[in-house]
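> Provided below are the primary sequence and the corresponding predicted coordinates.
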Amino acid sequence: MKFGSLVALDGVDVSVKKGEILGMIGPNGSGKTTLFNVISGVFAPSSGEVLYKGRPITGMRPHAICRAGIARTFQVVQPFSRMTMMENVLVAAMHGGGLGMIEGRHKAEEILRLVGLGEKMHLTPGAVTTADRRRLELARALATDPEVVILDEIMAGLTPSEMQDALGLLKEVNRKGITIFMVEHIMKAVMTLCHRIIVLNYGRKISEGSPEQVAADPEVIRAYLGERYA
Amino acid sequence: MRLSATKVRWISLGLIGLAALAPLVMTGYWLRLVTFIFMWIALAGSINLLTGYTGYLDFGHVAFFGVGAYTTGILMVKLDFPFLLAMLGGAGLSTLLAVILGIPTLRLRGAYFAIAMLAFSEALKQATLEFEWLTGGGNGLTLPIYTNYPFFYYSMFAAALLTLALTHWFERSKFGYGLMAIREAELAAEVSGVDTVKCKLIAFALSALTAGFVGGIYAYWMTFLSAADCFSVLITVRMIIMTFLGGAGTLLGPVIGAAFLATVEEILWAEFKYTYLVIVGIVVVFVVLVVPQGIVGLFRERIRTAL
């Protein structure tokens, strides 16, 4: 993926296995969000391919990729501000999940309860905490009835106890058979949750493996802490 | 006081019934005034379908009104079409233009879309002046005279009801929720499965269709068309002011905004012939500053629970 002459992603080859929780880490500017944007159709890659269940989805528009089963959240939350939490999730359930108004409402309510927003469904996103807005992002993604969710720093800015809740929630989502591909800076979250981790630096994949393998990889330590510590 | 849904329904039906019977008692000045108010309700409602629900501010919306008016006129004068058919032709052409135009311009956001549309409506005005053999150019276009004023009253009334029916559908349909999501955060809507291109195009097309209808009725009512009047940017500005005054993205906003502004203008015009525009300006600024959500915003909670 290039922006002008800047190569944001260079020969990155990633595969996500059905049912797993795959984590992606890397220093700022290493291309994590760009990779998510390429997968979810926000950017069309300048070269390369995105395959989903063996079929190319490269260059498909985001709504089509969402309907195909890949939902995502944004690092900077993007709620529909003048709509209630219920309506936020309803949009996703109807348009992404292909439901009608009535089934959509049932689905939205179920998802809101799942993420712990059951009591707040009639508030607008402006009236709740950051943590709740992040839950809303997740709820909107889940309402589209996805097989894969791509989570871009869903835990950023949460307090330790909110993070514990989020960890439990993501485990539960995964238990329901939903594959998770997440970017996260909070190492504790990544280490406890992810089955496998890939590491990006300057647009290249520099490491891949179990959390323990990746944490011990000299390449990774060099990328984060510099030559001296490797 | 809280209004129940059934009460609101009865009040609305009552008002519609009253309006339907009004020409029995109204004539001359009053009939004309109320016909104009319905025209502005329909026009404000038309731009509300696009701007109120998708957030795309259209500074050239008068183009669809003008195309509706001129197409109706040309079909009637040059090809001897009956009015109804000519008007449908005008509205159809407006809709088609919106679809063709929307494909490139609806990719633009914010001011860029507004500017592109403004340029488009001005270009149409010049084209109308240029193609004299078709449009009469600077001399204008004169239509066959028809003085059945209750007919125009009912036509404008029907156009207003049509836009309100469409708005009502926007308010409570899957499609409408998709539009509102686009207005609030377009990228988030897209990744939540909303086919933003298709939704925006449909909203734009419906908004052009209703403006085209009004243009067609206006043409036959006024019996004389000039490019300066039919493509006047002031018409667009009034549509926008009325919509925001009443409350953009609401069912009743355009109705209240149009009725309020048209009435205030009428009263002021009678009392202060030379300064009324200044006073209208002050009223608009005051309302925008005090109630940025529009007049409907004042009553939002009550209306929301009722509807």
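All right, it came through fine.
> next, the residue nearest the centre of chain B: phi, psi?
In chain B, the residue lying closest to the centroid (Cα atoms, centre = their mean) is residue B:43, at 1.5 Å. Phi and psi for residue B:43, reported as degrees, to the nearest 10, are phi -70, psi -40.
> contacts only, for it.
By Cβ atoms under 8 Å, 6 or more residues apart in numbering or on different chains, residue B:43 lies in contact with B:65, B:211, B:214, B:235, B:238-239, B:242, B:258. The way it works is simple: take the backbone N, C-alpha and C, and place the C-beta from them, glycine included.
> got the contact list for residue 146?
Let's take chain A. A:66, A:69-71, A:96, A:178.
> sorry, should have said chain B
Residue B:146 touches B:83, B:220, B:223, counting by Cβ under 8 Å, 6+ apart.
> specify which member of the residues you listed is nearest to residue B:292.
residue B:220 (38.2 Å; Cβ to Cβ).
> name the single longest helix found in chain A.
Counting residues, the longest helix found in chain A (DSSP state H) is helix A:160-175.
> returning to that earlier point: show me how to select, in ChimeraX, the buried members of the contacts of residue B:146.
Those of these that count as buried under 16 or more other Cβ atoms under 10 Å in any protein chain shown are selected in ChimeraX with:
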select /B:83,220
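> packing partners of the longest helix of chain A?
helix A:130-143, strand A:179-183, helix A:187-193 (3 or more Cβ pairs under 8 Å, 6 or more residues apart in numbering or on different chains; DSSP states H and E).
> what ranges do the helices span in chain A?
Using DSSP H, helices in chain A cover A:32-39, A:62-68, A:85-91, A:101-114, A:130-143, A:160-175, A:187-193, A:211-216, A:218-225.
> out of those, flag the one nearest residue B:134.
That would be helix A:62-68 among the helices of chain A, by Cβ to Cβ, at 41.6 Å.
> do that closest one and chain B meet?
Yes: against chain B, helix A:62-68 shows contacts by Cβ under 8 Å from any Cβ of the partner chain at A:62-67.
> what comes up buried for that helix?
Applying 16+ other Cβ under 10 Å to helix A:62-68 flags A:62-63, A:65-68 as buried.
> average pLDDT across that helix?
For helix A:62-68, the mean per-residue pLDDT is 96.
> point out where the chain drops to low pLDDT.
In the absence of a named chain, this looks at chain A. A:1, A:230 (pLDDT under 70).
> that answer is for a different chain, and I need it for chain B
Using pLDDT under 70, chain B drops low at B:1-4, B:300-307.
> ok and the residue in it nearest chain A?
residue B:193 (2.6 Å; Cβ to the nearest Cβ).
> ok, that residue - contacts?
Residue B:193 neighbours (Cβ under 8 Å, 6+ apart): A:63, A:66-67, A:92, A:95-98, A:144.
> of all the residues you listed, which comes closest to residue A:136?
Among the contacts of residue B:193, and counting by Cβ to Cβ, the member closest to residue A:136 is residue A:92, at 10.2 Å.
> which ones are touching that closest one?
Contacts of residue A:92 (Cβ under 8 Å, 6+ apart): A:71, A:108, A:139-141, A:143-144, B:192-193.
> restricted to buried residues, select the residues you listed in PyMOL.
Only the buried entries of these go into this PyMOL selection, using 16+ other Cβ under 10 Å:
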select buried, (chain A and resi 71+108+139+140+141+143+144) or (chain B and resi 192+193)
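> residue in chain A nearest to chain B?
residue A:96 (2.6 Å).
> report the separation between that residue and residue A:172.
20 Å (Cβ to Cβ, to the nearest Å).
> partner residues bridging the residue nearest the centre of chain A?
Chain A has residue A:151 as the residue nearest its centroid, 1.2 Å off, counting by Cα atoms, centre = their mean. Beta bridges link residue A:151 to residue A:182 when assigned by DSSP bridges.
> am I right that it is in contact with residue A:189?
No: with contact defined as Cβ atoms under 8 Å, residue A:151 does not reach residue A:189; the gap is 10.6 Å.
> you'd agree residue B:38 is up against residue B:162?
No: assessed by Cβ under 8 Å, residue B:38 is found out of contact with residue B:162, at 11.1 Å.
> neighbour count winner among the two?
residue B:38 (26 against 18; other Cβ atoms under 10 Å in any protein chain shown).
> where exactly do the helices run in the stretch 101-250 of chain B?
Here the stretch 101-250 of chain B has its helices, by DSSP state H, counting those that start in this stretch, at B:110-130, B:132-135, B:149-171, B:174-184, B:186-191, B:196-222, B:227-230, B:233-246.
> redo the ones you listed as JSON lines? Include distance to chain A.
Below are the helices of the stretch 101-250 of chain B laid out as JSON lines (distance: least, Cβ to the nearest Cβ, whole Å):
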{"stretch": "helix B:110-130", "distance to chain A": "16"}
{"stretch": "helix B:132-135", "distance to chain A": "40"}
{"stretch": "helix B:149-171", "distance to chain A": "12"}
{"stretch": "helix B:174-184", "distance to chain A": "4"}
{"stretch": "helix B:186-191", "distance to chain A": "4"}
{"stretch": "helix B:196-222", "distance to chain A": "7"}
{"stretch": "helix B:227-230", "distance to chain A": "35"}
{"stretch": "helix B:233-246", "distance to chain A": "15"}
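> export these to a markdown table and tack on distance to residue B:49?
Listed next are the helices of the stretch 101-250 of chain B as a markdown table, based on distance: least, Cβ to Cβ, whole Å:
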| stretch | distance to residue B:49 |
| --- | --- |
| helix B:110-130 | 15 |
| helix B:132-135 | 27 |
| helix B:149-171 | 6 |
| helix B:174-184 | 9 |
| helix B:186-191 | 17 |
| helix B:196-222 | 4 |
| helix B:227-230 | 21 |
| helix B:233-246 | 10 |
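> still on that earlier bit, for the residue of chain A closest to chain B, what are its contacts?
A:63, A:66-67, A:71, A:143-146, B:192-194.
> and if we set it to 7 Å?
A:66-67, A:71, A:143-144, B:192-193 (Cβ atoms under 7 Å, 6 or more residues apart in numbering or on different chains).
> pick out whichever of those residues sits closest to residue B:254.
For the contacts of residue A:96, the nearest to residue B:254 is residue B:192 (27.9 Å; Cβ to Cβ).
> isn't that closest one right up against residue A:70?
No: the pair residue B:192 and residue A:70 does not pass the contact test of Cβ atoms under 7 Å, sitting 12.0 Å apart.
> specify which member of the contacts of residue B:193 is nearest to residue A:12.
residue A:66 (22.0 Å).
> ok, back up a step: mean neighbour count, the helices of chain A: which tops it?
helix A:85-91 (a mean of 27; mean count of other Cβ atoms under 10 Å in any protein chain shown).
> tell me if that one is near chain B.
Yes: Helix A:85-91 reaches chain B (Cβ under 7 Å from any Cβ of the partner chain) through A:87, A:90-91.
> just name whatever secondary elements that helix is in contact with.
Under the contact criterion of 3 or more Cβ pairs under 7 Å, 6 or more residues apart in numbering or on different chains; DSSP states H and E, helix A:85-91 touches helix A:101-114, helix A:130-143, helix B:174-184.
> which bits of chain A sit near chain B?
A:40, A:42, A:62-63, A:66-67, A:72, A:74, A:78-83, A:87, A:90-92, A:94-96, A:100-101, A:140, A:144.
> and if we set it to 8 Å?
Close to chain B, as judged by Cβ under 8 Å from any Cβ, chain A has residues A:40-42, A:61-67, A:71-72, A:74, A:78-83, A:87-88, A:90-92, A:94-98, A:100-101, A:104, A:140-141, A:143-144.
> re earlier: now the helices of chain A in JSON lines, with distance to residue B:135?
Shown next, in JSON lines, are those (distance: least, Cβ to Cβ, whole Å):
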{"stretch": "helix A:32-39", "distance to residue B:135": "48"}
{"stretch": "helix A:62-68", "distance to residue B:135": "41"}
{"stretch": "helix A:85-91", "distance to residue B:135": "44"}
{"stretch": "helix A:101-114", "distance to residue B:135": "46"}
{"stretch": "helix A:130-143", "distance to residue B:135": "50"}
{"stretch": "helix A:160-175", "distance to residue B:135": "62"}
{"stretch": "helix A:187-193", "distance to residue B:135": "67"}
{"stretch": "helix A:211-216", "distance to residue B:135": "72"}
{"stretch": "helix A:218-225", "distance to residue B:135": "68"}
